[in-house]
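In: quick check, what structure comes out for this input:
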Amino acid sequence: MQPRSAALLLLLLSVTAGCLGFDQRSDIPDPDKQLELRNDWNQTVTVGVEVIRNATNATVHRGSYEIEPNTQRAVYSTAKANPEGAEYFRFVLTARNTTVQETIRTSTCYGGPVLEIAADGTVSSHYSVC
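Out: You can find the predicted model right below:
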């Protein structure tokens, strides 16, 4: 490999190291991951929520929430399950006969899951990750 190519590769790896898992700071435990429900539709939506701790496959939360039109709110935090360090939790979310799942880790690298009902009534979910 030529010196210039090696330098470019080294620069690229150093810039992306945190996202590729080389940066251990990204796995610092952060127990408070909020589940947020957003409803941009013009009707009230009932959302079923089940939160499962992956390590034990135990349900740590189950609930049903009415989300008014054009509102958003946090309805659950993984901190209530007292995670031991950085743990994985699976969120099973049901709205409008659609079920979606997101698995997040209670670390600084992950954001909390978000369930969205779009203005046309479409259901989707997402979360952020570094």
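
In: so where do the helices sit in the protein?
Out: Per DSSP state H, the chain carries helices over the ranges 3-16.

In: show me where it has strands.
Out: All strands of the chain, identified by DSSP state E, fall at 34-39, 45-53, 58-67, 71-77, 88-95, 98-105, 114-117, 123-126.

In: what are the buried residues along the first one?
Out: Within strand 34-39, the residues that qualify as buried are Leu35, Glu36, Leu37, Arg38, Asn39, counting by 16 or more other CB atoms under 10 Å. The C-beta positions use only the backbone N, C-alpha and C, and glycine is treated the same way.

In: over to the second one?
Out: Residues of strand 45-53 classed as buried: Val45, Val47, Val49, Glu50, Val51, Ile52, Arg53 (neighbour count, 16+ other CB under 10 Å).

In: would you mind measuring from the second one to Gly112?
Out: Yep, that's Val47 we're talking about. Distance of Val47 to Gly112, given as CB to CB, to the nearest Å: 15 Å.

In: still on that earlier bit, looking at the buried residues of strand 34-39, which two lie furthest apart in space?
Out: Farthest-apart pair in those is Leu35 and Asn39; separation 13.8 Å (CB to CB).

In: still on that earlier bit, out of the strands of the chain, nearest to Ser26?
Out: Nearest of the strands of the chain to Ser26, taken as CB to CB: strand 98-105 at 9.8 Å.

In: what lines up beside that closest one in the sheet?
Out: According to DSSP bridges, strand 98-105 has the following sheet partners: strand 88-95 (antiparallel).

In: got the CA positions of the partner strand in PDB?
Out: The C-alpha coordinates for strand 88-95 follow below in PDB (Å, rounded to 0.1, in the frame of the first residue of the first chain):
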ATOM      1  CA  TYR A  88     -30.500  -4.900  25.500                       C
ATOM      2  CA  PHE A  89     -34.200  -4.300  25.600                       C
ATOM      3  CA  ARG A  90     -36.800  -5.200  22.900                       C
ATOM      4  CA  PHE A  91     -39.800  -3.000  22.400                       C
ATOM      5  CA  VAL A  92     -42.800  -4.600  20.800                       C
ATOM      6  CA  LEU A  93     -45.200  -1.800  19.800                       C
ATOM      7  CA  THR A  94     -48.700  -2.300  18.200                       C
ATOM      8  CA  ALA A  95     -50.900   0.400  16.700                       C
END
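
In: right, I'll leave it there.
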